[in-house]
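Visitor: sequence and predicted structure are below.
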Amino acid sequence: AVASPETVPVSQVWLIVFLTYPIAIILIALFPASAAALTPATSNPPRRTPLPTPSERATFVFRHLVGYTSAVLLTVATTDALKYYVGYFRPDFAHRCFGPSGDIPPSLYSNVTITSNAGCPNQSGHLNEGRLSFPSGHSSITFCAGLYLTLLTIAVAARSPSDAAAQV
């Protein structure tokens, strides 16, 4: 396989992560069934549930944007640390290592036999990137974002006094 640009550029992933999901958090804050849905659970819920004030909505949005951003950044840091520790080859590592000639000895192409970049005849600047295949950064960021939004939606729905919350 010939080295090619990423299928989904990192810039698009960050745009989705830091634009789409925060908009969903803001929408959840704008359309709650009651103020109780946006505030942390208490042992004595009020009998009458008024609509949330703008201050309560702003606090909800701020708290969850900070929580969401922290979760995504922790996921990125953990994923990058694991990539350097695991060091699995990308599918195009043989092309990076042995060059475009396609003369790839199968016995040499494994994480066990190629333990350093010194074993590669082609010493281009992209060898280290070729070792950062697993775990997938795109997948881990998407999973983190989706899990945060799912748990947030379940928590808001569980505190909502409406009949729709019973369906969650």
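Guide: Structure received.

Visitor: next secondary structure after the least confident helix or strand in the chain by mean pLDDT?
Guide: Least confident helix or strand, the chain: helix 93-98 with a mean of 74, by mean pLDDT, DSSP states H and E. Moving toward the C-terminus from helix 93-98, the next helix or strand (DSSP states H and E) is helix 137-159.

Visitor: pull out the buried positions in that next one.
Guide: 137-138, 140-142, 144-145, 148-149, 152, 155-157, 159 (16 or more other Cβ atoms under 10 Å). Yep, even glycine has a C-beta here, placed from its N, CA and C like the rest.

Visitor: and of these, the nearest to L82?
Guide: Of all the buried residues of helix 137-159, S140 has the smallest distance to L82: 8.8 Å, by Cβ to Cβ.

Visitor: local confidence estimate at the residue nearest to the closest one when sequence neighbours are not counted?
Guide: Of all residues not flanking S140 in the chain, T79 sits nearest, at 4.5 Å (Cβ to Cβ, 6 or more residues apart in numbering). Looking at T79, its pLDDT is 91.

Visitor: top helix in the chain by residue count?
Guide: Ranked by residue count under DSSP state H, the longest helix found in the chain is helix 54-86.

Visitor: now that helix against helix 137-159, angle please.
Guide: Per axes from the mean of the first three to the mean of the last three Cα atoms, to 10 degrees, the angle that helix 54-86 makes with helix 137-159 is 150 degrees.
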